[in-house]
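Chemist: Got a predicted model here, sequence first, then my questions.
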Amino acid sequence: MKILLAVDGSPISLRAARVTAKLAAEFADPPTVILFNADPPLMQAVAIKLGLQAVTRYHAENGAYAVKAARSALKRARLSFTEKLAVGDPAPSIIKAAKSERCDLVVMGSKGHGALQTLFLGSVTSKVIAQCDIPVVVAR
């Protein structure tokens, strides 16, 4: 079993990491876990002003922050995992990573916004559920 744990550094992501640990405990063989974060790209004008090194550092720092709490939760659960950080629109990046890594399951959190908020704001979780052909477990 291969699980992609998609996180963004929020408390909901920590909950998703804990759900992943609980799921992993149910398997006879420990699953392979990929701790994943997709940092949205900066606007092109901002990226040009900052320069390549600053943009690279910005995304690296955001990614490190996003996986920090989930990394600790997985370590406490004694789960082995690999980390993968990407820069891109989160929903398509999660789907692409899950497919390219040949994952059997995606675990992610959801803030539980209502339908009206999701309509206007968009929801990464909703997009992944709608567009991904891999099963998705949502932690709330």
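Modeler: Everything's here; your move. Numbering: from 1, shown residues only.
Chemist: Beyond the helix or strand bottoming out on mean pLDDT in the chain, next helix or strand please.
Modeler: Across the helices and strands of the chain, mean pLDDT, DSSP states H and E gives its lowest value to helix 115-121, namely a mean of 51. Sequence-wise, the next helix or strand downstream of helix 115-121 (DSSP states H and E) is helix 124-131.
Chemist: Give me the distance from that next one to the chain's centre.
Modeler: 12 Å (C-alpha atoms, centre = their mean, to the nearest Å).
Chemist: so Val106 sits right up against Val136, yeah?
Modeler: Yes - with contact defined as C-beta atoms under 8 Å, Val106 reaches Val136; the gap is 4.6 Å. For every residue, glycine as well, the C-beta is placed using N, CA and C.
Chemist: The two: who's more crowded?
Modeler: Between Val106 and Val136, counted using other C-beta atoms under 10 Å, the more crowded position is Val106 (25 against 20).
Chemist: Bridged to the more buried one, which residues?
Modeler: Leu4, Val136 (DSSP bridges).
Chemist: Overlap in contacts, Val106 and Val136.
Modeler: Val128 (C-beta atoms under 8 Å, 6 or more residues apart in numbering).
Chemist: ok, now which residue in the chain is the farthest from the centroid?
Modeler: Lys49 (28.2 Å; C-alpha atoms, centre = their mean).
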